[in-house]
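Enquirer: any chance you could fold what I've pasted below:
(one chain, ligands or ions: 1)
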Amino acid sequence: MTATEVENEIGRDRRRKEDQRLITGRTRWTDNIVLPGMLHLAMVRSPFAHANITSIDTSAAKAAPNVVTVLTGSDFGEELGVCINAWPITPDQVTPGHSPMPSDRVAFAGEIVAVVVARSAAEARDAAELVDVEYDELPAALDLKKAAADETIAHPDLGTNKSAYWVFDSAEAGTGGSADEAIAKARTDGIVIEREYRQQRLIPAFMEPRSVVVDPTGEQYVMYSATQIPHIVRFALAATTGVPESKIRVIAPDVGGGFGGKLQVTPEEWIAWAVGRRLGKPVKYTETRSESLLSGHHGRDQWQKLTLSAEKDGTVTGFKVELLADLGAYVAIVGGGVPVLGAFMFNAIYKFPAYHFAVQTVLTNKTWTDAYRGAGRPEATYAIERIMDELAVEVGVDPLEIREKNWIKHEEFPFTTVCGLEYDTGNYEAATAKAKEMFGYDALRAEQQQRRDSGDPVQLGIGISTFTEMCGLAPSRVLGTLDYGAGGWEHANVRMTPLGKVEVVTGASAHGQGHETAFSQIVADRLGVPFEDVEVLHGDTQVAPRGLDTYGSRSLVVGGEAVVRAADKVIEKAKPIAAHLLEASIDDIDFAAGRFSVRGTDQGLGIAEIATAVFAAHNLPDGVEPTLDSDAAYDPVNFSFPHGTHLCAMEVDTETGALTMRKYVCVDDIGTIINPLIVAGQVHGGLVQGIAQALWEEAVYDDSGTLVSGSFVDYLLPTAADTITFDIDHTTSPSTTNSLGTKGVGEAGTIASTPAVVNAVVDAVRHFGVNDIQMPCTPERVWRAIRTGGKGGATTEAAMPHFEAEGEGA
Ligand code: MCN
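Expert: Okay, here's the model as predicted:
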């Protein structure tokens with residue numbers, strides 16, 4: 001391949017390098033790892049949501065075939081470590097102690113009380129059934145609103161379920177006016193819309209269940225884990241167990257998805273680590289799918305109370321958001337911070353002059369919650385995009401018109417929002433115009449009217465979501481102001497091998513996103529080498545010692561930029577060597593398409609030739625190191641702000657409540673696209689995940705705190721057969737926060753699609769008096785809403801309790 005042929009890797013539909021090994025079964029998942037003498041673990045879990053442990057009899061289990069030992073929390077001391085919360089959102093946050101294996105009291109059904117160690121996984125599981133645990137059941141705090149009112153206490157020693165109260169007020173922050181004043185004024189001469197929305201609890205369901213292998217037999221403790229965050233796991237292990245980081249190696253081999261669900265330092269990892277160290281033998285634990293649903297962290301679970309004020313023409317004057325967020329039994333690694341991330345997104349693409357946000361995080365006796373694809377931003381987008389539709393109805397205009405009246409115009413960028421964030425670029429007009437055209441908006445509106453007029457039993461609804469999000473979880477200083485426990489930089493190393501190939505080491509830790517391919521494209525373009533000559537290494541703290549891993553759609557905008565900078569340093573390092581070898585002045589050397597050339601001549605050397613010359617080191621300039629190897633760490637000054645317009649057409653059978661999606665169009669602006677094929681995959685997967693929240697998925701507990709939706713029979717994870725073909729396209733306003741002009745895409749589809757779908761469903765049946773249907777919009781809920789003229793759809797739970805500030809806000 002010639003240099004010119006590799007010029008434009010960026011923007012090219014490259015098939016993913018990693019897929020060869022993934023889809024031909026040649027990869028090695030954590031559960032495939034077999035080490036000499038390896039033992040297997042099975043967890044004994046509490047069937048009760050809240051109970052004192054009165055006794056644990058392990059004798060029968062210990063006597064079972066091939067069982068090596070059975071251990072409980074009291075068999076361990078500090079070596080067990082503690083599960084950490086890395087984001088206390090207020091200084092006075094109430095944070096229950098979280099042992100990976102408590103010995104006195106369990107706080108959710110599924111919590112681990114003992115671990116069985118056996119020679120095979122099956123024998124360990126069988127023996128786990130023989131562990132006899134006596135419990136003294138305690139009342140469980142299960143309903144979020146009741147828990148917020150401290151009706152039943154999830155952790156009696158704490159005396160309250162209220163964990164933290166976090167506030168942002170634009171008047172106090174100096175970024176806008178007072179939302180309360182705006183609302184009071186609108187009550188007399190404008191419009192006030194008050195709504196309460198439910199964000200149901202969801203369960204991240206990745207393809208590969210969580211799995212961990214610990215090998216304590218070498219000089220280092222080695223942990224293989226199906227995790228998104230090998231660097232953070234290593235840090236947490238060292239910080240809480242006292243073993244130096246240099247003695248810990250964490251490897252995330254190929255990881256089969258995470259969606260935020262593997263952004264956790266899990267009790268199972270802690271226990272495997274402690275058992276491996278205790279016995280001095282390699283151990284493995286792989287969860288069953290039921291354990292995954294039961295005890296891996298859950299997502300969402302909020303009540304949202306919203307008050308929007310506007311002038312009579314629909315110009316928004318203020319927005320007040322009050323949230324209750326269910327933490328579950330413990331404050332997970334970034335659990336409390338999830339609603340805080342959302343706090344900056346409720347104003348979305350709009351120019352609201354006044355904004356107030358308050359969240360009360362609440363402890364309950366359910367599985368702990370934490371990041372799930374979008375983490376706070378889907379919840380915020382849902383709230384604002386649903387209520388903008390309500391405003392349009394009140395004003396009597398098309399919902400796109402109400403959005404256009406309030407959104408930031410493209411010529412107004414960069415724009416500082418009422419939350420104090422600076423949106424660098426965007427063009428909502430362009431994305432919306434393109435989406436409208438692809439959708440056939442006017443024709444579908446006409447058809448909707450015709451169906452209404454004729455009383456067609458199948459009604460048509462059109463749903464809109466003009467979303468934005470902050471992603472590229474990054475600026476360390478900003479994260480510091482929010483008391484987040486880490487920075488947001490990313491690290492890369494780019495090095496040329498003696499034969500002119502390139503190794504790229506990244507601290508990002510892909511688990512399905514295709515970084516090996518996309519980062520190869522970036523480096524191939526930058527260094528002018530063939531795509532095939534670039535190897536991307538990641539996911540092993542020994543190979544990639546520095547990094548902050550993958551979540552928050554950060555890997556390209558932060559990690560990719562670090563790769564660019566490291567590659568540029570390689571070019572800068574090679575340049576004086578090229579000048580020396582070409583016997584020219586460095587000022588006369590140009591670099592393009594992988595070749596250093598002497599300006600005005602046909603003399604030149606390829607970068608691969610320089611790499612070989614550097615390796616030989618026979619003829620280097622004085623004082624030049626014989627390596628073509630550079631590091632870069634990048635910490636951006638701002639987030640990136642993808643946006644887009646999503647339109648959904650939904651047919652609703654008003655006699656049965658059955659829903660049939662007819663069309664889904666999305667036009668996203670994610671800046672420069674590195675690999676359109678990967679992006680399409682990200683958008684498709686993301687859309688399905690968001691649509692699933694709107695229509696199918698919900699973690700349901702019974703009155704005793706047992707997870708009823710504990711298998712895929714009841715937890716309705718969609719398959720490809722449940723979805724339609726989406727029409728996706730893009731507009732481009734390059735980001736200014738990185739040199740490639742990219743914005744993240746990993747969460748965009750999920751964030752945008754949920755409100756587009758629910759807006760479509762509500763729009764189809766609004767003439768029956770319906771203004772909300774609680775998610776998931778099951779046929780039954782839709783049918784009931786139509787029958788009852790449901791204002792607020794199927795909401796059955798108690799009203800939102802009034803909550804007051806009890807702690808310091810931000
Ligand atoms: N990309 C691109 N051009 C852009 C933006 C992104 O080519 N303008 C490419 C990137 O190079 C990368 C992929 O798209 O290969 C996603 O990039 P990015 O938006 O940076 O997101 P991350 O790589 O940081 O991935 C995290 C994000 C999150 S937060 C969740 S949750 C999620 C997601 O990615 N979980 C996933 N996508 C997932 N995809 C799979 N298969 N599995 C998961 O668990």
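Enquirer: what bridges to Trp303?
Expert: Under DSSP bridges, the beta-bridge partners of Trp303 are Arg198, Leu324.
Enquirer: doesn't Leu324 make contact with it?
Expert: Yes: counting by CB atoms under 8 Å, Trp303 touches Leu324, with 4.4 Å between them. For the C-beta atoms, the positions are set from N, CA and C on the backbone; glycine is no exception.
Enquirer: need the three-state assignment for Val536.
Expert: Classification of Val536 using DSSP: H, G, I helix; E, B strand; the rest coil returns strand.
Enquirer: what sits against it?
Expert: Val504, Val505, Thr506, His515, Glu516, Phe519, Ser520 (CB atoms under 8 Å, 6 or more residues apart in numbering).
Enquirer: out of these, who has the most neighbours?
Expert: Counting neighbours by other CB atoms under 10 Å, Phe519 comes out on top of those with 31 neighbours.
Enquirer: tally of neighbours for the closest residue to Val557 other than its chain neighbours?
Expert: Excluding its sequence neighbours, the residue lying closest to Val557 (CB to CB, 6 or more residues apart in numbering) is Gly472, at 3.6 Å. Neighbours of Gly472 under the rule other CB under 10 Å: 30.
Enquirer: check Gly472 and give its pLDDT.
Expert: On pLDDT, Gly472 comes in at 86.
Enquirer: does the nearest residue to Met345 once chain neighbours are set aside sit in a helix or strand, and which one?
Expert: Spatially, and ignoring its direct neighbours in sequence, Met345 is nearest to Ala380 (3.9 Å; CB to CB, 6+ apart). According to DSSP states H and E, Ala380 maps onto helix 377-395.
Enquirer: roughly how far is the helix or strand that that helix is followed by from the heart of the chain?
Expert: Counting by DSSP H and E, the element after helix 377-395 in chain order, helix or strand, is helix 399-406. From the chain centre to the centre of helix 399-406 is a distance of 29 Å (CA atoms, centre = their mean, to the nearest Å).
Enquirer: which residues are in contact with helix 399-406?
Expert: For helix 399-406, contacts defined as CB under 8 Å, 6+ apart pick out 313-316, 349-352, 388-389, 391-392, 395, 428-429, 432, 436, 441, 464, 466, 759.
Enquirer: ok, the residue nearest to Val557 - contacts?
Expert: Here Gly472 is in contact with 552-554, 556-558, 636, 639-640, 737-738, 743-744 (criterion: CB under 8 Å, 6+ apart).
Enquirer: same list (these) but as TSV, adding neighbour count and secondary structure.
Expert: Converted to TSV, the contacts of Gly472 look like this (neighbours: other CB atoms under 10 Å; DSSP: H, G, I helix; E, B strand; the rest coil):
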residue	neighbour count	secondary structure
Gly552	28	coil
Ser553	30	coil
Arg554	25	coil
Leu556	34	helix
Val557	31	helix
Val558	33	helix
Pro636	22	coil
Phe639	29	coil
Ser640	30	strand
Thr737	24	coil
Asn738	25	coil
Lys743	33	coil
Gly744	28	coil
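Enquirer: ok, which of those residues also contact the ligand?
Expert: For the ligand, the contacts drawn from the contacts of Gly472 by CB under 6 Å from any ligand atom are Gly552, Ser553, Arg554, Leu556, Lys743, Gly744.
Enquirer: contacts only, for the last one.
Expert: For Gly744, the contacting residues are Cys471, Gly472, Gly552, Ser553, Arg554, Ser555, Leu556, Val557, Ser640, Pro642, Ile670, taking CB under 8 Å, 6+ apart as the criterion.
Enquirer: for it, give its distance to Ser555.
Expert: 8 Å (CB to CB, to the nearest Å).
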